[in-house]
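Enquirer: Below is the structure, and that's it, no one-letter string:
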């Protein structure tokens, strides 16, 4: 429910230029897509790029448990948190892991 509430209160915030639609003629002229980093082109399929509106930066709407497949997702979230915070990764977690 937090995501729905946040969508209601932040709907009018501007979308970052690098996330704006590039599928129409003239989009490049407007700067749409400029600076976008495609995560799958990078090690670990992760880039340090913000996709949330400024008021919601850092918000998280899903927290995986330690059960079943969610344990792997949780491990990847923790690894990406370290990357986001500039912390070094151990050799074990520095592998190309996917959710």
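Expert: Perfect, I can see it now. Only a predicted model underlies this, so the values are computations on that prediction, with no experimental measurement involved.
Enquirer: okay, CA-based contacts and neighbour counts for the rest of this
Expert: OK.
Enquirer: Just the strands from the protein, written as ranges.
Expert: Shown for the chain, no strands are assigned by DSSP state E.
Enquirer: Poorly predicted segments of it, please.
Expert: The chain contains residues with pLDDT under 70 at 90-99.
Enquirer: can you give me the helices in this protein?
Expert: All helices of the chain, identified by DSSP state H, fall at 2-10, 68-84.
Enquirer: what would the ones you listed look like in JSON lines with distance to residue 54 and mean neighbour count?
Expert: Shown next, in JSON lines, are these (distance: least, CA to CA, whole Å; neighbours: other CA atoms under 10 Å):
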{"stretch": "helix 2-10", "distance to residue 54": "9", "mean neighbour count": "11"}
{"stretch": "helix 68-84", "distance to residue 54": "16", "mean neighbour count": "15"}
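Enquirer: Any idea which of those gets closest to residue 38?
Expert: Among the helices of the chain, the nearest to residue 38 by CA to CA is helix 68-84 (15.5 Å).
Enquirer: chain center to that closest one: distance?
Expert: Chain-centre distance of helix 68-84: 13 Å, with CA atoms, centre = their mean, to the nearest Å.
Enquirer: ok, back up a step: export the helices of the chain to a markdown table and tack on distance to residue 46?
Expert: Shown next, in a markdown table, are these (distance: least, CA to CA, whole Å):
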| stretch | distance to residue 46 |
| --- | --- |
| helix 2-10 | 22 |
| helix 68-84 | 7 |
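Enquirer: Of all those, which one is nearest residue 61?
Expert: Nearest to residue 61 among these is helix 2-10 (6.3 Å), distances taken as CA to CA.
Enquirer: nearest spatial neighbour of residue 50, skipping sequence neighbours?
Expert: Distance criterion CA to CA, 6 or more residues apart in numbering; nearest residue to residue 50, sequence neighbours excluded, is residue 57 at 7.4 Å.
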